[in-house]
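Trainee: just need the structure, nothing else, for what follows:
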Amino acid sequence: MNPFMLFLMLSSLTAGTLITLTSTHWLMAWMGLEINTFAILPLMTQKYHPRAMEATTKYFIIQTTAATMILFAATSNAWMTGQWEIQQMNNTLPLAIITLALMLKMGLAPLHPWFPEVLQGLNFSTGLILSTWQKLAPFSLMLQISSFNSTLLIIFGLISILVGGWGGLNQTQLRKVLGYSSVAHLGWMILVMQYSPNLAFLTFITYVILTFSMFLTFMFNQTTTVNMLSLSSTKIPILSAIIPLILLSLGGLPPLTGFLPKWLIIAELTKQDMMVAATVAALSALLSLYFYLRLSYAMTLYITPNNLPAVLPWRLTSIQNTTPLAISTALSLLLLPITPSALAFVFH
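Mentor: Residues are numbered from 1 along each chain as shown. Modelled structure (predicted):
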């Protein structure tokens, strides 16, 4: 893509998200979401391929449907109550419609099937934007209306954690695995959002760090399937020893960074006397942990070929910039000891 057009699209992407983040009016928030959607479409089709075009078409249809639902619900609420303010969404029916529309935009279960399919048709760089930055605007709107529909959020959060773990079990494509991982992590955020918005935001930041690290790793390794991971030790022996730790961090095992949000969310749910929801969420996380362990097994425990063509790649000098990967990997593994400082920064 032309550098000028790339800069223009990325600027529009940033502007659309910032407009939604700073809006208190539903029309302004809707406009920011639309700018955000149209800005990423050229990035999704920059490499012309049938799978990319299919993914872009699916994404456009889904996002248009969600945006139409948001506009309809906001207009209906203004007609019934005379209020366009986001914080004044008090009518039950428009509130439920907007909640479903935002869940559809983010890819929460059971409105999730489009997300892994779209992610599968994109390259890793665009998929990273779709999995992280594109969720920020609808997530901010969900934060503002989360206190009005508690039961719906709890149900959808538990379903997302369960479906995100269950759906990733039989996947062989890494992008689909990351897609279902995203669904499961979003479920944890939605589950605690109404009780502690700051904790939900901390969980989102942790998810972005872990996802950024995994996408950069697969991009650097040039692997798209589980079978291709088995050759990682011959390409990048050092990184193949670190990646299982990142995967276990995604699964939420201590003493890694990914344990931080799950630990705090379960503690918060227990504090709210929601023992059943906390237990179901913790047990459902074991499903996600299983397919993370499966990827770790493929990377570290396979016996790779020891002939000259197999051992040659790691001897060649790589021209890729490894600084972002090194920083994100360190953050993915080592943030748990600073939990008190993180809590003090987020909650005050």
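Trainee: Ser296 contacts Leu247, doesn't it?
Mentor: Yes - under the criterion of C-beta atoms under 8 Å, Ser296 makes contact with Leu247 at 5.1 Å. C-beta coordinates here come from the backbone N, C-alpha and C atoms, glycine included.
Trainee: what about the two, which has more around it?
Mentor: Leu247 (28 against 19; other C-beta atoms under 10 Å).
Trainee: for the longest helix that the chain contains, which residues meet the burial criterion?
Mentor: Using DSSP state H to define each element, the chain has its longest helix at helix 50-81. Residues of helix 50-81 classed as buried by neighbour count (16 or more other C-beta atoms under 10 Å): 52, 55-56, 58-60, 62-63, 66-67, 69-71, 73-74, 77-78.
Trainee: give me the helices and strands touching that helix, please.
Mentor: helix 26-44, helix 92-106, helix 114-120 (3 or more C-beta pairs under 8 Å, 6 or more residues apart in numbering; DSSP states H and E).
Trainee: what's the angle from the longest one to helix 92-106?
Mentor: Put plainly, it is helix 26-44. Using axes from the mean of the first three to the mean of the last three C-alpha atoms, to 10 degrees, the inter-axis angle of helix 26-44 relative to helix 92-106 is 20 degrees.
Trainee: begin at 23 from here
Mentor: Got it, the first residue is 23 from now on, which makes the last one we talked about helix 48-66.
Trainee: how far off centre is helix 48-66?
Mentor: 18 Å (C-alpha atoms, centre = their mean, to the nearest Å).
Trainee: which residues does it contact?
Mentor: 23, 27-28, 31-32, 34-35, 37-43, 45, 74, 77-78, 81-82, 85-86, 89, 92-93, 96, 99-100, 106-108, 127, 144, 148, 151-152, 156, 159-160, 163 (C-beta atoms under 8 Å, 6 or more residues apart in numbering).
Trainee: again with the last one
Mentor: Residues outside helix 136-142 that contact it (C-beta under 8 Å, 6+ apart) are 73, 77, 80-81, 84, 129, 149, 152-153, 189, 193, 195, 197-198, 200-202, 204-205.
Trainee: same thing but at 7 Å, please
Mentor: 77, 80-81, 84, 129, 149, 152-153, 195, 197-198, 200-202, 204-205 (C-beta atoms under 7 Å, 6 or more residues apart in numbering).
Trainee: how about stretch 349-369 as CSV, C-alpha atoms only?
Mentor: Output of stretch 349-369 as CSV, limited to C-alpha atoms (Å, rounded to 0.1, in the frame of the first residue of the first chain):
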residue,chain,number,x,y,z
ILE,A,349,9.4,-5.6,25.1
SER,A,350,5.9,-7.3,24.7
THR,A,351,7.4,-10.7,25.7
ALA,A,352,8.9,-9.3,28.9
LEU,A,353,5.6,-7.6,29.7
SER,A,354,3.7,-10.8,29.1
LEU,A,355,5.8,-12.7,31.6
LEU,A,356,7.0,-10.4,34.3
LEU,A,357,4.2,-8.0,35.4
LEU,A,358,2.6,-10.1,38.2
PRO,A,359,5.1,-8.8,40.9
ILE,A,360,3.9,-5.2,40.3
THR,A,361,0.3,-6.1,40.9
PRO,A,362,-0.1,-3.6,43.9
SER,A,363,1.3,-0.8,41.8
ALA,A,364,-1.0,-1.6,38.9
LEU,A,365,-4.0,-1.7,41.2
ALA,A,366,-3.0,1.6,42.8
PHE,A,367,-2.5,3.2,39.3
VAL,A,368,-5.9,1.9,37.9
PHE,A,369,-8.1,2.3,40.9
